[in-house]
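> quick one: sequence plus predicted model below, questions after.
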Amino acid sequence: MRLLLLNIILILLLSCENTTQLKDYWKNPDFETYNPKKILVIGMTKDDEARHLFESHFQTQLQLKDLKVDKSQNILTTDYLNKKHTETEINKIEDSLIKLNYDTVIFSRIVGVKNKIKYSEEYYKTHTYKHNFKDDFLKYQDQFYNPSYYENYNVYNAETSIYCLCPSKERTLIWKGYIDIVDPKNINDSIEDYIKLLILVLEEEAIIPTPK
């Protein structure tokens, strides 16, 4: 299944112009399949707009699979997510979710940002006619002197965890994955690509239903 998953993801990445890249994931071996009944989606960010866009789009895509899904903004206050809580306080919110019949929590957050540098494609195209040692040397020494030689961009490493609020156990981790969001230009497009890739992986891992 893992080979099939990687092949499908490769096709998706090509269609998405590599804006999102699955870096790593882990699935609980105790759960060959998983059937969530009522899901709470949490986008952990202080940016209210990003949180709203992420949770709303994720909710819509999961509802298309006939899953019952709510956004954290309808259940938890912004103040709650922006404050540090004790284990006792977190246990209380967990108990309240269980009383509301939630059995699954999907929790996403940005865990890191890396600045990357790449060779400028536009600069390269204007110098492809040079092919001997002298000209090649002259071209590549520009990396020290020409500011247009390099392009800087950011890579955001996002983590998504899926927990079962299982009655007989503590918060049980079902699945955790890390996806890089490469050089995001538009928040809507980045969220859409991230969720598209995430849902594909969760379908292949039998965490959520596959299309009928």
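That came through, no problem. Residues are numbered from 1 along each chain as shown.
> against Lys46, how distant is Ile110?
Ile110 sits at a distance of 11 Å from Lys46 (criterion: Cβ to Cβ, to the nearest Å). Placement of C-beta: from N, CA and C, glycine included.
> so which of these two has more stuff around it?
Neighbours per residue, other Cβ atoms under 10 Å: of Ile110 and Lys46, the larger number sits with Ile110, 15 against 9.
> give me the pLDDT for the more buried one.
The pLDDT attached to Ile110 in the predicted structure is 79.
> restricting to C-alpha, output the helix or strand hosting Glu203 in CSV.
When elements are defined using DSSP states H and E, Glu203 is found to belong to helix 187-204. Listed in CSV are the C-alpha atoms of helix 187-204, where the atom choice follows Å, rounded to 0.1, in the frame of the first residue of the first chain:
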residue,chain,number,x,y,z
ILE,A,187,-3.2,31.4,1.4
ASN,A,188,-6.3,30.0,-0.2
ASP,A,189,-4.3,28.0,-2.8
SER,A,190,-1.9,26.8,-0.2
ILE,A,191,-4.6,25.6,2.1
GLU,A,192,-6.5,23.9,-0.7
ASP,A,193,-3.3,22.0,-1.9
TYR,A,194,-2.4,21.0,1.7
ILE,A,195,-5.9,19.6,2.4
LYS,A,196,-6.0,17.9,-1.0
LEU,A,197,-2.8,16.0,-0.3
LEU,A,198,-3.8,15.3,3.3
ILE,A,199,-7.1,13.8,2.3
LEU,A,200,-5.5,11.6,-0.3
VAL,A,201,-3.1,10.2,2.2
LEU,A,202,-5.8,9.6,4.8
GLU,A,203,-7.9,7.8,2.2
GLU,A,204,-5.0,5.5,1.3
